[in-house]
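>>> Predicted model, plus sequence, below.
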Amino acid sequence: MKNKMIFGFHAVTSRLRHEASSVEEIFIDAGRTDRRMQDLVANAKAAGVRVMPVDSSRLDKIVGTRRHQGVIAFASQLSLARNLDELLDAIDGPPLLLVLDGITDPHNLGACLRVADGVGAHAVIVPKDRAVGLNATAAKVASGAAETVPYITVTNLARTLRELKDRGIWLIGTSDDGDKGLYEADFTGPCALVMGSEGEGMRRLTRETCDVLVNIPMFGSVESLNVSVASGVCLYEARRQRMAQEA
Ligand SMILES: C[S@@+](CC[C@H](N)C(=O)[O-])C[C@H]1O[C@@H](n2cnc3c(N)ncnc32)[C@H](O)[C@@H]1O
């Protein structure tokens, strides 16, 4: 399997912590000898990962920007990206899933993964086609969450949504014209939050497959929120309701 590039301290440290065996090699800025770098190198070496100090200009060239913070790793795909059934079987309690229908901006994907990790969502599900993949930019923006949140790519999203329904998972679609207010929706049971793409929102079939469409109330002059912000608002409402129920 082709190795993928991960860069930035959070992303590389997190990958080493969670699945060091997937890391093939790490390039570091030879000019950086600070504590953070020393710790990263020590962790990599303890895990048997080869670390190669190089000139920082070489890192700039490999990544194409200077946002690598002096560290780049090449690693295989995570075993976290596994089969949906296997994942659902392993969940203890009502699943909380985030479905992203065709997000095209890697910054948005990274931010969605980050908030999914923050809230403790069980997985992020994305369609294989017509959506940005989990590339180096998305992993960097995710700040390590690309290594912690199970990320599941499916070939037919509408079919996957129907399968989730068959497993008793409530599909809560989101749209600025959704007919139910976010704070009236019930997120305490098994549910998948379905988010639409940056421009068009959810595709027609996705929308039609949802059990309910919720809107986040908007009080200013813009019509909608950025998809990662909307994901955060909805996921944390789900978490709030679940915590209130447990209390
Ligand atoms: C930039 S919005 C797309 C707006 C698009 N006009 C639409 O019809 O959904 C991207 C996604 O963020 C979520 N979103 C943004 N604002 C929302 C709101 N006020 N209520 C519910 N979902 C929202 C939805 O999932 C939406 O598909």
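Right, received. Where do you want to start? Predicted model only: the values in this text are computed from it and were never measured. Numbering: from 1, shown residues only.
>>> The lowest-mean-pLDDT helix or strand in the chain packs against which elements?
Least confident helix or strand, the chain: helix 84-90 with a mean of 78, by mean pLDDT, DSSP states H and E. Judged by 3 or more Cβ pairs under 8 Å, 6 or more residues apart in numbering; DSSP states H and E, helix 84-90 is in contact with strand 123-127, strand 151-154. C-beta coordinates here come from the backbone N, C-alpha and C atoms, glycine included.
>>> For the ligand, which of those is the nearest?
Nearest to the ligand, of all the helices and strands packed on helix 84-90, is strand 123-127, at 13.4 Å by Cβ to the nearest ligand atom.
>>> Who are the packing partners of the next helix or strand after that closest one?
Per DSSP states H and E, strand 123-127 leads on to helix 136-141 as the next helix or strand towards the C-terminus. Applying 3+ Cβ pairs under 8 Å, 6+ apart, one finds that helix 136-141 contacts strand 4-7, helix 9-19, helix 106-119.
>>> ok, and what's touching helix 136-141?
4-8, 10-11, 63, 67, 106-107, 109-111, 113-114, 132, 146-147 (Cβ atoms under 8 Å, 6 or more residues apart in numbering).
>>> For it, what does the pLDDT average out to?
Helix 136-141 shows a mean pLDDT of 94.
>>> ok, now stretch 7-27?
The model assigns stretch 7-27 a mean pLDDT of 86.
>>> Residues of this protein that sit close to the ligand?
Contact residues, the chain versus the ligand (Cβ under 6 Å from any ligand atom): 174-176, 178, 195-196, 198, 201-202, 215-216, 218, 224-225, 227, 230.
>>> of all the residues you listed, which comes closest to residue 243?
Distance to residue 243, by Cβ to Cβ, is smallest for residue 216 among the residues of the chain next to the ligand, at 19.5 Å.
>>> ok so, going back, ranking the helices and strands packed on helix 84-90 by burial, who's on top?
strand 123-127 (a mean of 23; mean count of other Cβ atoms under 10 Å).
>>> Show residues contacting it.
84, 87, 95, 97-103, 109, 112-113, 116, 149-157, 160, 192.
>>> buried residues in the helix ranked longest in the chain?
Criterion DSSP state H: the longest helix present in the chain is helix 227-246. For helix 227-246, the neighbour count (16 or more other Cβ atoms under 10 Å) marks 227, 228, 230, 231, 232, 234, 235, 237, 238, 239, 241, 242 as buried.
>>> Give me the domain ranges for the protein.
Per the TED database, the structural domains of the chain span 1-74, 82-244.
>>> hey, least reliable of those by pLDDT?
domain 1-74 (a mean of 89).
>>> The spatially most central residue of the chain and the ligand: what is the separation?
Nearest to the geometric centre of the chain sits residue 113, at 2.2 Å (Cα atoms, centre = their mean). Distance from residue 113 to the ligand, counting by Cβ to the nearest ligand atom, to the nearest Å: 15 Å.
>>> That residue contacts residue 144, doesn't it?
No - at 9.3 Å, residue 113 does not count as touching residue 144 under the criterion of Cβ atoms under 8 Å.
>>> Would you confirm that residue 211 contacts residue 165?
Yes - the pair formed by residue 211 and residue 165 meets the contact definition of Cβ under 8 Å, at 7.4 Å.
>>> So for those two, which residues contact both of them?
What both residue 211 and residue 165 touch, as defined by Cβ under 8 Å, 6+ apart, is the set residue 171.
>>> Fine, thanks again, bye for now.
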